[in-house]
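Undergrad: output the structure for:
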Amino acid sequence: MPYLKIYIHFVWCTKNRYPFLNTIESRQLVWNHIKENAKQKSIHVDFVKGYEDHCHCLISQGINQSVEKVMQLIKGESSYWINHNPDLFPNLKGKKFEWQSEFFAL
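TA: Residues are numbered from 1 along each chain as shown. Model prediction:
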């Protein structure tokens, strides 16, 4: 079986860089959720941090994972989870949470 160890630093932003994640508590909830969700999908997240309008994530890419698919799984599921848990994010106040479609990967 092949062994692959490629680390990729991802950065992505909230839609229009709106500061949806403007509290430490909200950011911590999202970062923890991203880690748990990624683990369930066999995506190794070494760390995830960020600020009110963006996220940094260091991922060790697996043998059958593409950059595009990893981002789709992480960004898509996390925005779905945030929107379906409005009681955890009172600062959304009826707004829909979205990540921008673009991302940076190095």
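
Undergrad: against which helices or strands is the helix or strand encompassing C57 packed?
TA: Remark: C57 resides in strand 54-61, with elements defined by DSSP states H and E. Contacts defined by 3 or more Cβ pairs under 8 Å, 6 or more residues apart in numbering; DSSP states H and E place strand 54-61 against strand 6-13, helix 24-40, strand 44-51, helix 67-83. Where C-beta positions appear, they are placed from N, C-alpha and C, glycine not excepted.

Undergrad: rebuild those as TSV, extending it with distance to L58, mean pLDDT and mean neighbour count.
TA: Formatted as TSV, the entries for the helices and strands packed on strand 54-61 read as follows, by distance: least, Cβ to Cβ, whole Å; pLDDT from 0 to 100; neighbours: other Cβ atoms under 10 Å:
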stretch	distance to L58	mean pLDDT	mean neighbour count
strand 6-13	5	96	15
helix 24-40	11	96	15
strand 44-51	4	96	15
helix 67-83	12	95	17
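
Undergrad: of all those, which one is nearest P90?
TA: Of all the helices and strands packed on strand 54-61, helix 24-40 sits nearest to P90, with 8.8 Å by Cβ to Cβ.

Undergrad: just the angle between that closest one and strand 54-61, please?
TA: 20 degrees (axes from the mean of the first three to the mean of the last three Cα atoms, to 10 degrees).

Undergrad: doesn't D46 make contact with K35?
TA: No. Here K35 does not reach D46: they are 9.8 Å apart, not a contact under Cβ atoms under 8 Å.

Undergrad: contacting residues for L4?
TA: Each residue near L4 by Cβ atoms under 8 Å, 6 or more residues apart in numbering is listed here: 61-63.

Undergrad: what subset of those residues is buried?
TA: Those of these that meet the buried threshold are Q61, by 16 or more other Cβ atoms under 10 Å.
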